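**Q** Quick check, what structure comes out for this input:
(one chain, ligands or ions: 1)
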Amino acid sequence: MIKKAVEVALNEQINAEFHSAYLYLSMSAWFHSVGLAGYANWMRIQYQEELAHATRFFDYVNERGGNVKLSPIGEVQVDFKGTVNVFEETLVHEQLVTSLINKLMDIAIKESDHATKSFLQWFVDEQVEEEANVEQILHNLKLIKGEGQGLLMMDREMQTRVFVDPFAGAKA
Ligand code: FEO
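**A** Numbering: from 1, shown residues only. Model prediction:
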């Protein structure tokens, strides 16, 4: 049986992951509104990844005999200053998620919950990749000053991103 402190923290993380999904879907809508379909696609895939993260936490709470508590999802930003700004916001958001995962790991360690520590390690590693990916895109966007021919070329590249379920085959 899962300890209360861990259960509460995991439920908060379910909400944080759904909130991330909501934010990226909002960013996808913004990219559509400015005619950048490739970036809109990239954010849509990001949204799907966050849903997969949320669902994985959901399944884990159930697997451990805990009680899932789904809280309201907070409002998200709908307007942005430009493509560079969206990815600056994305990086800040992923850094926040990293800090939440780290706090969750701290709680699992404090409670000597080895199963949760093992479960969370995938997310610790994933955050390194998420931040690196966003930093790379932001770097490229800054090089082209977020406009012109370079932006359209990047948009075509962003169109090629497809969703791959990171937990395909994982125990539900
Ligand atoms: Fe679920 Fe982008 O971290």
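
**Q** how far does the helix or strand where residue 94 lies sit from the chain's center?
**A** Element membership of residue 94 [criterion: DSSP states H and E] is helix 83-110. Distance of helix 83-110 from its chain centroid, counting by CA atoms, centre = their mean, to the nearest Å, is 9 Å.

**Q** I figured residue 104 was touching residue 14, is that so?
**A** No: taking contacts as CB atoms under 8 Å, residue 104 lies outside contact range of residue 14: 11.1 Å. (Each C-beta comes from the backbone N, C-alpha and C, glycine too.)

**Q** State the number of residues packed around the closest residue to residue 158 other than its chain neighbours.
**A** Take residue 158 and drop its neighbours on the chain: the residue closest to it by CB to CB, 6 or more residues apart in numbering is residue 38, 3.6 Å away. Using other CB atoms under 10 Å, residue 38 has 19 neighbouring residues.

**Q** ok, now the one 5 residues further on?
**A** Counted with other CB under 10 Å, the neighbours of residue 43 add up to 25.

**Q** how far away is it from the ligand?
**A** In this view, residue 43 and the ligand are 12 Å apart by CB to the nearest ligand atom, to the nearest Å.

**Q** Could you do residue 64 as well?
**A** 19 Å.

**Q** ok now do that residue, which residues does it touch?
**A** Counting by CB atoms under 8 Å, 6 or more residues apart in numbering, residue 64 touches 1-2, 7, 115-116.

**Q** mind listing which of those residues are in helices?
**A** Among the contacts of residue 64, the ones falling in helices (DSSP state H) are 7, 115-116.

**Q** If any of those are buried, put those into a ChimeraX selection.
**A** Selection command for ChimeraX covering only the buried members of those, criterion 16 or more other CB atoms under 10 Å:
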select :7,116
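
**Q** of the ones in helices among the contacts of residue 64, closest to residue 99?
**A** residue 116 (17.4 Å; CB to CB).

**Q** The closest one is in contact with residue 110, isn't it?
**A** No: under the criterion of CB under 8 Å, residue 116 makes no contact with residue 110, lying 10.9 Å away.

**Q** okay, the contacts of residue 64 in a markdown table with distance to the ligand and pLDDT next?
**A** Putting the contacts of residue 64 into a markdown table (distance: CB to the nearest ligand atom, whole Å; pLDDT from 0 to 100) gives the following:
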| residue | distance to the ligand | pLDDT |
| --- | --- | --- |
| 1 | 26 | 84 |
| 2 | 21 | 95 |
| 7 | 19 | 98 |
| 115 | 20 | 98 |
| 116 | 16 | 98 |
